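*Asks:* how would this look folded up:
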Amino acid sequence: MTAALVPGSFDPPTKGHLDVIARCAGIFDRVLVAVVRNPDKSPMFTHDERVDLLREMCSEWENVEVGSFSGLLVNYAEDQGIDVIVKGLRAMTDFDYELQMSQMNRQLSGIITLFVATKPEFGYLSSSLVKQVARLGGEVGEMVPKLVLQALEEKLER
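*Replies:* Alright, predicted model coming up:
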């Protein structure tokens, strides 16, 4: 049985995230989507809100579960019996950073990282941009699942 870990801050989850998760669900026996607790960031959504959004978004796949972690990703992966880390890539700037991270993770634990290129229609998407556009009153309904759009509207009191 192969198990993959799809980590991220998911603040908020986008259709790009969902695309990567869906493709992993079709490849791996078990997919663990993990929300990182990063004390250096000030997220729009609480940790529990992001976990709840992802659980609802991923409920259609029986082989996908949602968890959370803090600390080193490789330690969490080992604790969870993960075989591979999967990271979505939008552009070369993502690749530069993620390649270094994958090499560090390989050095620390031996775990490998697979990169999944996003579909072209999601290549520009990032949670940061979605939040910025939403805060400024722009339309983000095509960028996030309906559930996330509703949560954004509630957060921004629209």
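*Asks:* please enumerate the helices of the chain.
*Replies:* In the chain, the helices defined using DSSP state H lie at 15-27, 47-57, 73-79, 92-109, 127-135, 146-155.
*Asks:* what is the burial count for the nearest residue to residue 76 once chain neighbours are set aside?
*Replies:* Leaving aside its sequence neighbours, residue 76 sits nearest to residue 69 (C-beta to C-beta, 6 or more residues apart in numbering; 3.9 Å). (C-beta placed from N, C-alpha, C; glycine too.) Neighbour count for residue 69, taken as other C-beta atoms under 10 Å: 18.
*Asks:* quick check: which ranges of the chain have low pLDDT?
*Replies:* Applying pLDDT under 70 to the chain flags residues 158.
*Asks:* sorry, back to before: CSV for the helices of the chain, including distance to residue 41?
*Replies:* Formatted as CSV, those follow (distance: least, C-beta to C-beta, whole Å):
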stretch, distance to residue 41
helix 15-27, 16
helix 47-57, 10
helix 73-79, 15
helix 92-109, 16
helix 127-135, 10
helix 146-155, 16
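*Asks:* nearest approach to residue 8 belongs to which of those?
*Replies:* helix 15-27 (6.6 Å; C-beta to C-beta).
*Asks:* contacts for that closest one?
*Replies:* Helix 15-27 is contacted from outside by 4, 6, 8, 10, 31, 33, 57-58, 61, 63-64, 86, 88, 90, 116, 118-119, 122-123, 125-126, 142-145, using C-beta atoms under 8 Å, 6 or more residues apart in numbering.
*Asks:* since that was my last question, I'll sign off now.
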